[in-house]
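Trainee: For reference, the sequence and a predicted model appear below.
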Amino acid sequence: MSDHNSNTMNLTLQVWRQKGPNAPGKLETYEAKHVSPDMSFLEMLDEVNETLIKKGVDPIAFDHDCREGICGMCSQVVNGVPHGGQDRTTVCQLHMRSFKDGDTIFIEPWRARAFPVIKDLAVDRSALDTIIQAGGYVSCHTGGVADGNAILIPKPEADYAMDAAECIGCGACVAGCPNGSAMLFTSAKVAQLAVLPQGKAEAATRVNAMTEALKECGFGNCTNHYECQASCPKGINVKFIAKLNREYLKAIAN
Amino acid sequence: MQILKSAVGRKVLMAITGQSMVLFAVVHMLGNSSIFVGPDGINAYAKHLHDLGALVWLFRAGLFALAAIHIFYAIQLTLENSAANPAGYAVKKQIKATFASSTMIWTGVVIMAFIVYHLLHFTARLTPGVVQGVDALGRFDVFTMVVSAFKNFGTSAIYVIAMAALFLHLSHGIQSFFQTMGWNTDKTQCTISAIGKAVAFILLAGYVVIPLSILASALIK
């Protein structure tokens, strides 16, 4: 491919660089040259890192794993929107054709007190695991693999639970929330389990434990901005937060 | 008590106290509309209310409690939320959050300041220039007090600005109540949001029509 390929673009990146959790960070400017529109956003960053390594500069640290939009590792706020703002798309599945030659792109880490920066764009999201550990499970003896039809679940409830289970735990809801709240994440698990027969038994203790863990981890409170749903690469609906609230009130009543 | 510490419990308290005050605002607006009947309307209405005696004070105490709980948790939750999101983004776009949803604490402050002023103005009648008299039937003349007050542009402006803040506050707050109480699904969300804004607008219109029509001399015969 020649340097003057008319399809490629030259971009200016403003990337958050931070050496460690306690080091001060700042935006640094980098040039991304000859970027193919067919590249994914992370491939573009890989190329930039290649040039940085050749120059002896520390490459930009960022989280990634499957690069297929299903694992929930990638986590970048691109131009002020978690995952870059393409509908139901993780940043690894965002492609450079969404940008045009000469664009300046701001790339920042998830920002929330509960997500301390590890380095550059990589943040520590283990607080989400802490919330799951508090109650995002069904504590019954599972034995061997159960027969698929042993517990019958009506289709609408199965669909509802699957919609909630679509959450990949990337934390975009927290990154997008003006209050740094993980309520959408928490509600997806609460709702998924509360609607299934296996999860109903522990619904009350679960909602209390998980919302308590959410607070203990330093996440903010939900004030119904619905910015989480707009940020979610899986389109998790805020109806699950209403369901969590319902489950909470039911738990109080019982 | 767990509810007083919980992320969801305090939100529920905010929702219930807020919505109760919305109901009061609706009743208050309907009561105000008796001014369009003339002095006989609003003076009789005011006398009727004051004749309730101890009930009035019971009601006031209830309202005060609602406001106090709402304000206390509003401040506490807002402080917690800004602490949970300390380092701002260099660039941040709001996709779904609105001006109204982002300014709840500030529109709340405006409304609170207004309520203090409004109570000093028309309830305690301690602000300068309040016209106090009795009508032909010996009732306190609310009609003349209100009309003479709103002839002043500055006074009317304070009321209109405060009601604009109330509109913004409720355009987020009413729909938020239904979400918080768990009475929302993806199917009802749009409708509930629209109804919330409509109610907020009806309250705005119902309240500001009085100062505006007095300013426009519509009530002055």
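Mentor: Perfect, I can see it now. What you see is a predicted model; the values in this text were computed from it and never measured. Residues are numbered from 1 along each chain as shown, chains lettered A, B, ... in the order given.

Trainee: all helices for the stretch 1-150 of chain A, in order.
Mentor: A:41-54, A:126-135 (DSSP state H, counting those that start in this stretch).

Trainee: Grab the nearest non-local neighbour of residue B:21.
Mentor: residue B:66 (5.6 Å; Cβ to Cβ, 6 or more residues apart in numbering or on different chains). Yep, even glycine has a C-beta here, placed from its N, CA and C like the rest.

Trainee: neighbours of that neighbour, just the number please.
Mentor: Using other Cβ atoms under 10 Å in any protein chain shown, residue B:66 has 17 other residues around it.

Trainee: Can you name the residues that contact it?
Mentor: B:17, B:20-21, B:24 (Cβ atoms under 8 Å, 6 or more residues apart in numbering or on different chains).

Trainee: So which bits of the helix or strand hosting it are buried?
Mentor: Using DSSP states H and E, residue B:66 sits in helix B:54-84. Neighbour-count burial for helix B:54-84 flags B:66-67, B:69-71, B:73-74, B:77-78, B:80-81, B:84 (criterion: 16 or more other Cβ atoms under 10 Å in any protein chain shown).

Trainee: residue ranges of the helices in chain B, please?
Mentor: With helices called from DSSP state H, chain B shows them at B:7-32, B:39-50, B:54-84, B:99-102, B:104-118, B:142-150, B:153-180, B:189-215.

Trainee: ok, the residue of chain B most remote from its centre - contacts?
Mentor: Centroid-distance maximum for chain B: residue B:90 at 35.6 Å, with Cα atoms, centre = their mean. Residues near residue B:90 by Cβ under 8 Å, 6+ apart: A:14, A:16, A:27, A:106, A:108.

Trainee: can we see that at 6 Å?
Mentor: By Cβ atoms under 6 Å, 6 or more residues apart in numbering or on different chains, the contact list for residue B:90 reads A:27, A:106.

Trainee: tally of neighbours for the closest residue to residue A:245 other than its chain neighbours?
Mentor: Spatial nearest neighbour of residue A:245, excluding adjacent residues (Cβ to Cβ, 6+ apart): residue B:182 at 4.0 Å. By other Cβ under 10 Å, 20 other residues sit near residue B:182.

Trainee: so how far is residue A:70 from the one residue in the stretch 1-150 of chain A that gets nearest to chain B?
Mentor: Residue nearest to chain B within the stretch 1-150 of chain A: residue A:80 (3.9 Å; Cβ to the nearest Cβ). With distances taken as Cβ to Cβ, to the nearest Å, residue A:80 is found 25 Å from residue A:70.

Trainee: Same check on residue B:182?
Mentor: From residue B:182 over to residue A:70 (counting by Cβ to Cβ), the distance is 30 Å.

Trainee: ditto for residue B:112
Mentor: Distance from residue B:112 to residue A:70, by Cβ to Cβ: 48 Å.

Trainee: For residue 171, give me its contacts.
Mentor: Reading this off chain A. A:110, A:125.

Trainee: other chain: chain B
Mentor: B:100, B:197, B:200.

Trainee: Mind doing that once more with 10 Å?
Mentor: Contacts for residue B:171 (Cβ atoms under 10 Å, 6 or more residues apart in numbering or on different chains) come out as B:98-101, B:107, B:193, B:196-201, B:203-204.

Trainee: do residue B:176 as well
Mentor: Neighbouring residues of residue B:176 by Cβ under 10 Å, 6+ apart: A:222-226, B:11, B:14-15, B:18-19, B:100-101, B:104, B:170, B:184, B:192-193, B:196.

Trainee: cool, and residue B:126?
Mentor: B:119-120.

Trainee: make it 6 Å
Mentor: Contacts of residue B:126 by Cβ under 6 Å, 6+ apart are residue B:120.

Trainee: Chain B against chain A: which residues are in contact?
Mentor: When proximity is defined as Cβ under 6 Å from any Cβ of the partner chain, chain B approaches chain A at B:6-8, B:77, B:81, B:84-87, B:89-93, B:95-97, B:101, B:176, B:179-180, B:182, B:184-186.
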